[in-house]
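[1] This is a predicted model, with the sequence first.
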Amino acid sequence: QVQLVESGGGLVQAGGSLRLSCVVSGRTRSSYAMGWFRQAPEKEREFVARITWTGGRTNYADSVKGRFTLSRDNAKNTVYLQMNSLKTEDTAVYYCAADLRRPNILTLGSEYDYWGQGTQVTVSS
């Protein structure tokens, strides 16, 4: 089993920054891609970003491209989502997820093996 724990959410004013972290525990000797998703009230969950195991290649949703940066430290089993120039529409619960089956593929889909519990991000105007 793999456990994912997100942290770093909170309340920030528009234009501000937050850094989310996701720590992976359990089968940490496995290779895995990591993704971030978010879900705003009364909206569908949407893809935010993904990072591969090898090389740390990334892809992003158009809505966050140029503002968010995803990185990882495999030695610490941790991924980081740096969020800059935050907008009110970024308000959502943010979830990290691990994909053990396709560790070095970039996709926009939501097929992941494990999910965290989420961390709330609220951006005020």
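    Now that the structure is in, tell me what you want to look at. Numbering: from 1, shown residues only.
[2] Next up, the contacts around the closest residue to Ala33 other than its chain neighbours.
    Excluding the flanking residues, the one nearest Ala33 by CB to CB, 6 or more residues apart in numbering is Asp99, at 4.4 Å. Where C-beta positions appear, they are placed from N, C-alpha and C, glycine not excepted. With contact set as CB atoms under 8 Å, 6 or more residues apart in numbering, Asp99 has these partners: Tyr32, Ala33, Met34, Gly35, Ile105, Glu111, Tyr112, Asp113.
[3] Please apply the same query to Thr88.
    Neighbouring residues of Thr88 by CB under 8 Å, 6+ apart: Ala14, Val123, Ser124, Ser125.
[4] export the residues you listed to TSV and tack on neighbour count, pLDDT and secondary structure?
    Formatted as TSV, these follow (neighbours: other CB atoms under 10 Å; pLDDT from 0 to 100; DSSP: H, G, I helix; E, B strand; the rest coil):
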residue	neighbour count	pLDDT	secondary structure
Ala14	14	98	coil
Val123	20	98	strand
Ser124	11	98	strand
Ser125	7	95	coil
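[5] All set, thanks.
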